[in-house]
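Enquirer: Based on what follows, work out the 3D shape:
(chains A, B and C)
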Amino acid sequence: MILRIMAACAFLLIVVLALFTSASHATRADFVYVNPSGIHTLDPARMSWTQDFRVALNIWEGLTTSHPETSAPMEGAAYFPPAVSEDGLTVTFSIREDAKWSNGDRVTAYDFIRGWRRAMEPGTAADYLFFFTDFIDGAHEYVRWRSENIKALAALRRLAEGVGLEPDAAKALVRHPAFEEITIPLTSRLEVPNERADEGWAAFGKTLATLPMDWSSLADRCLTQHARDMDLHFSDVGVQAVDEATLHVRLTKPCPFFFDLTAFPTLLPCHKSVERLRRRHLGLPLTAEGLVVYDPQWTKPDYTKEGYPGLITNGAYRVVDWRFKRRLRLAVNPFHRDADSIACRTVDMVVYENVSASIMAYEAGDVDFLPAMDVPYDHELARLARTGERPDFHLCQTLATFFLNFNCESETVGDRVNPFTDARVRRAFTLATDRTTLVDKVLGRGDRIARSFVPPDAIGGYEPPSGLAYDPDEARRLLAQAGYTSGSFPVVEILYVPSDAVLCQALARMWERELGVRVELRAMESKTFAEAKARQQFMVARGNWYADYYDPTTFLDCLIGDNGNNDSRYRSARYDELMAQASSAKDPIRRASLLQAAERVIVEEDCPILPILHYAQPIAIQPWVKGLYPNAQLRFPFQYVTVKR
Amino acid sequence: MGERRDSAIASGHRRPLWRRHGNRSVLLSAVLFALIVGASVVSLPVASRWYNVQDLGTGVRRPPSWSPSVSAEPFFRAASSDEAASPSLWDRAAFRLVSLMGHDDLGRSLFYRLLPGLLISLAVGLAAAMMAVVVGVSWGAVAGLIGGRTDALMMRVVDVLYGLPYILMVILLKIGLTRPLTSLLGDRTRYAEVVILFVAIGSVSWMTMARVVRGQVLSLRTRAFVDAARVAGAGTWHILRRHILPNLIGPVTVYGLLVVPQAILQESFLSFLGIGIPQPIPSLGRLAADGVEAVNAFVGFWWLLLFPCLALVVVLLALNVVGDWLRDVVDPKGAAM
Amino acid sequence: MIRTVTRRLLLGLITVACVYALTFIMVVTIPGNPLRQSGRNLSPEAEQALRVRYNMDNNWLYFRQFITGAIRGDFGPSFSYAEWTCGQIIASALPVSVLLGFLAILLAVAIGVPLGVLGAASRGGPLDLAATTIVLLGISVPTFVTGSALLVVVGVYLKLAPIGGWGDLAHLPLPALTLSLPFMAYIARLTRAGMLDVLGSDFLRTALAKGVTRRTAIWTHALRVAFLPVLSYLGPATAQAMTGSFVVEKVFGVPGMGQHFVNAALNLDAGLILSCVLVYAAILVAFNLIVDVLYAWLDPRITGAV
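Expert: Presented below is the predicted three-dimensional model:
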């Protein structure tokens, strides 16, 4: 009896396995590399992770591209260098005739406008929205106008559902012109609270829901009107297509690194077929709340709804297959101008969640390139790279800094006193940090010690200040000066994510020893950590920053008063003033010295952050692979790679 | 599951393994366990000061050696707040063993992290078991006593809770309880984390206990002596206290004891995920997980892997062996657990 | 029979619904913002737009949207992976986990049951000792230790198996073996205990007296009874094995469901958490039902065989 059951099970098993194995065979690609965590998104406007950039910049081509060795901007889909006006505020790009999409269509200026407009839309939630709002004329106003309308429309939709409004949504609705339509028939009954005050808005929001209005049709009418106004408002933004091959861009201020931005994924073009996947409401190219949303599946190569031909890109490669968390396969774009000279016809990106296993696979020769080797024994890998024992291991000195944020604003954190609102305390802790021991002895990964925010010897024409050296006596003196005698200093809390455990523990002991303070450590998973950091619930928190372009402002802008990434909430009129002067300075030398003065304020005087190291990323390139160069931005174009196994 | 299992005929002449060879292995496990735990307890005064002493100079990742390979000064300085006093004999003797198991990434002595780590893991296990016992016994006893629809409802709830995936629940509980518990325990955030951990683990371990207790209570309820007591006029509470609870002690102890190694294992999984006991407090699970992650083909840090894994296995093995033996003694039929 | 099955099915559906409601409550009460990334901060307009789009600002609307979607088979978008819906994620991961879990359970039963039987039969002899040792090691050693050990020894030193990954027959044995060990140990222990019970019983002595060989008595008659507790354990065990073990998947790089349970919880990805929970509960209920049916079928007192 039992034997019969077992026989049945075995039969089932064989059938299943047969099905399974027949579905999964694939030939090996010409070039295989590993991405430990898989791709977060392939939408270039939404990307913010380096591994996603790596793929995007291989399958798309912007107006400019980055040189594989020097990372300097060079020719892309447009001729380089483009024409720049006298005042540096107008740039005219000429798109090449031989720039083609992977279906043979020519790349036009309209494709770029489509891509840029999509990235500016609030519905896309682009991390790098500030590329447009900070630098392109009229973009900031357009985005703000859109956001206001979206908020109001969303509020109307909520009311149509019978749900009361939050104070924010109620305020947005009142500001919108549509509100007059409501008040006219109901003037006697509606009392709008004071704009400035906060109380009363919650109740007002609820009252609105009870009004006998046809919210739904009001929302539809507003939506239709808004859709009509959208193109008009967008024509004020400083991007224009003069004709198919010419793109005019108007900048708000001189931007010496603009050609780095045009090589960045956020400014990539978008093929017109994507418009077929735009979500529509009542035939309008907007969702019910007024958002511009595309079906997120547009980045799939095999998505065919609504007659969509699958993902079309204009770079050296195109995507042919994408298996979630397993493999992404690229093949050469046959219409690319260099298609015939590309050696690796297919490229595979494989996912290995266990990084040690990916290293073992590399050692076995199954994988050609490892762009990341984040393992607990990376000090050993770095050593092998440095001494040359393993010539296939390299250390990329990146344009990135790991630092600690001090909370410069909150008086208390939880129910504990936060001593770091005093710049002297921050300076003392900076002086008490022996970075050499931390970076060389504890981590030993070959990272560079950081005493400034901007990495030295990295950006041409800019040398960061030297920062504060290790000086525990001065640190103790400063603490005393700040009014803390030994033993009276409040407990210090360091907030970190599990990957920084070793460094933070060493740092905690260092501070305890040098300054005689008590330090506690709190580890959190990354989402809860980000939440706590955003709510200012920390005294000291780890942070890092990767440069987006080759200019000191990519780092220094973070600490400007109201910048969204100013986690320390550092507010200094002097710093903001220096940065503002630098941004309007025309002379590059004067600009560099202003930026340097600004950086001196943060790394030598006010110390809102404590720079610790500049990352050195260990990578592994098999000896039979040529054409991959260690570079600071960790971008690796595969079209120059040759593999001779 | 206990109610499912029906043996066809009552066990008659069964001789569990332990009665023949077994007593020896049980004895061996118990002795080993007592030795390790004893060593941990004895070293606790020293280890509680030395578990976090770093040596970032020569001590980083030193292999084991019989004599100390790190400088004594930071250890003896940590020993007393009075810097001038010379270290006691006890401290000096303890220092001789500091490099016995090598040193980790921060130059800390693995020996003096392993021993307290063991106690911490055991404490987590015991705390989770206690919580499981308290909640499980109450739930099961109430369900068994009241019976009828309430019983069915309560057991349905247990079924529903069984339907929640364990790991997901632990993580969500841990994330969710962090804020309220930290604000409750205020200053001692570190301890709050540990409390959250065993509350989360305990919350997913009590269901089996509830089922077992309910089964026991149900069967006890129909026994003759309970009827007799009822005839004599005793109230429900009295019956519960005098007749039922004493009979529960056996199975509850045994199953409670068996929760301990499960909880320790769960804690090691959570440490492997990076969300177990917070740094720098050591625990067997975290030390073992760190050792496993350090395995690589380039350079061997075998001591970081061997000693914690060995200790973990010995502790779990001992607990399971003793727990099994106890269960065979107390409740031979309930082997389905 | 039909009535019992229908009743159990109904109960199962109610269980699944309760599980969903409970998880939903947990997910919405936990503080934390799944839209925030730890590197850069979203602009307020972007965050607001995303919240409206995903119905995150109103719990009731989200609940309703999820349920109506789930009934149609659409589990909604995942917050952590922009281009993949929860349905697609589960569709890609579940078959892998099911296959691996199935193999693991098969191995566990195929090795564990004979181990338990032999151990009970030799009662105190060397085989019993060996069996018990294996059992105890199986439940005392964490899977990340056994998995890593197997990977390094078999994959790196002996070069007998590929180092993690998925897609070939060769990728199957190591993770399946690692996953099966704890279940194997438990099944062996259950079988052994059950066998020991049965071996001293009257009906077995009667069968022997009737002339049945010792071998048949043990393997056919006794095992049939002793297998029952194993069967009831198999219900939840199969569900657990099939929804993947995070540890085994992480160590061997298997793209299964386990990592999604963990990552969804860590990322507070509401849609994915709810989808995973629904899948797990559904599988659990399904297997408990199958086990109940098999149990009724196998129990000799019901079928009346001996």
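Enquirer: List the buried residues for the helix ranked longest in chain C?
Expert: Ordering each helix of chain C by length in residues (DSSP state H) puts helix C:86-122 first. When burial is assessed from 16 or more other CB atoms under 10 Å in any protein chain shown, helix C:86-122 yields the following buried residues: C:86-90, C:92-113, C:115-121. The C-beta positions use only the backbone N, C-alpha and C, and glycine is treated the same way.
Enquirer: Same check on stretch A:509-516?
Expert: A:509, A:510, A:511, A:514, A:515.
Enquirer: residues in contact with that stretch?
Expert: Taking contacts as CB atoms under 8 Å, 6 or more residues apart in numbering or on different chains, the residues outside stretch A:509-516 that touch it are A:428-429, A:432-434, A:437-438, A:472, A:475-476, A:479, A:486-487, A:489, A:492, A:517-519, B:52, B:54.
Enquirer: quick one: stretch A:329-345 to chain centroid distance?
Expert: Here stretch A:329-345 shows a centroid-to-chain-centroid distance of 28 Å under the convention CA atoms, centre = their mean, to the nearest Å.
Enquirer: same check, this time on stretch A:125-142
Expert: Taking the mean of its C-alpha atoms, stretch A:125-142 sits 14 Å from the chain's own mean (CA atoms, centre = their mean).
Enquirer: Identify the spatial nearest neighbour of the closest residue to chain B within the stretch 51-200 of chain A, chain neighbours not counted.
Expert: The nearest approach of the stretch 51-200 of chain A to chain B comes at residue A:51, 20.5 Å away (CB to the nearest CB). Distance criterion CB to CB, 6 or more residues apart in numbering or on different chains; nearest residue to residue A:51, sequence neighbours excluded, is residue A:35 at 5.0 Å.
Enquirer: Next, the residue of the stretch 451-600 of chain A found nearest chain B: phi, psi?
Expert: Of the stretch 451-600 of chain A, the residue with the smallest distance to chain B, taken as CB to the nearest CB, is residue A:498 at 3.8 Å. The phi/psi pair for residue A:498 (degrees, to the nearest 10) reads phi -50, psi -30.
Enquirer: Quick check: it touching residue B:271?
Expert: No. When contacts are counted by CB atoms under 8 Å, residue A:498 is not listed as touching residue B:271 (9.9 Å).
Enquirer: who's more crowded, these two?
Expert: Using other CB atoms under 10 Å in any protein chain shown as the criterion, residue A:498 and residue B:271 rank with residue B:271 on top: 24 against 18.
Enquirer: Thought residue B:285 was touching that one, still the case?
Expert: Yes. Counting by CB under 8 Å, residue B:285 is a contact partner of residue B:271 at 4.2 Å.
Enquirer: can you list residues touching both of the two?
Expert: residue B:277.
Enquirer: tally of neighbours for the residue in the stretch 101-250 of chain B that chain A sits nearest to?
Expert: Across the stretch 101-250 of chain B, no residue is closer to chain A than residue B:105, which sits at 5.1 Å (CB to the nearest CB). In terms of burial, residue B:105 registers 24 neighbours under the definition other CB under 10 Å.
Enquirer: Not counting its neighbours along the chain, what's nearest residue C:198?
Expert: Excluding the flanking residues, the one nearest residue C:198 by CB to CB, 6+ apart is residue C:222, at 4.5 Å.
Enquirer: Give me the pLDDT for the one you found.
Expert: Note for residue C:222: predicted pLDDT of 78.
Enquirer: need the contact list for it.
Expert: C:195, C:198, C:199, C:204.
Enquirer: how close does it sit to residue A:643?
Expert: Applying CB to CB, to the nearest Å, the value for residue C:222 to residue A:643 is 62 Å.
Enquirer: just residue A:63 next, same as before
Expert: Counting by CB to CB, the gap from residue A:63 to residue A:643 is 30 Å.
Enquirer: Residue A:383 contacts residue A:444, doesn't it?
Expert: Yes. Under the criterion of CB under 8 Å, residue A:383 is in contact with residue A:444, at a separation of 7.3 Å.
Enquirer: got a pLDDT number for residue B:331?
Expert: Looking at residue B:331, its pLDDT is 60.
Enquirer: likewise residue C:127?
Expert: The per-residue confidence score, pLDDT, reads 79 for residue C:127.
Enquirer: what residues are up against it?
Expert: Under the criterion of CB under 8 Å, 6+ apart, the neighbours of residue C:127 are C:118, C:119, C:121.
Enquirer: Equivalent analysis for residue A:537, please.
Expert: Contacts here follow CB under 8 Å, 6+ apart; on that basis residue A:537 touches A:413, A:414, A:495.
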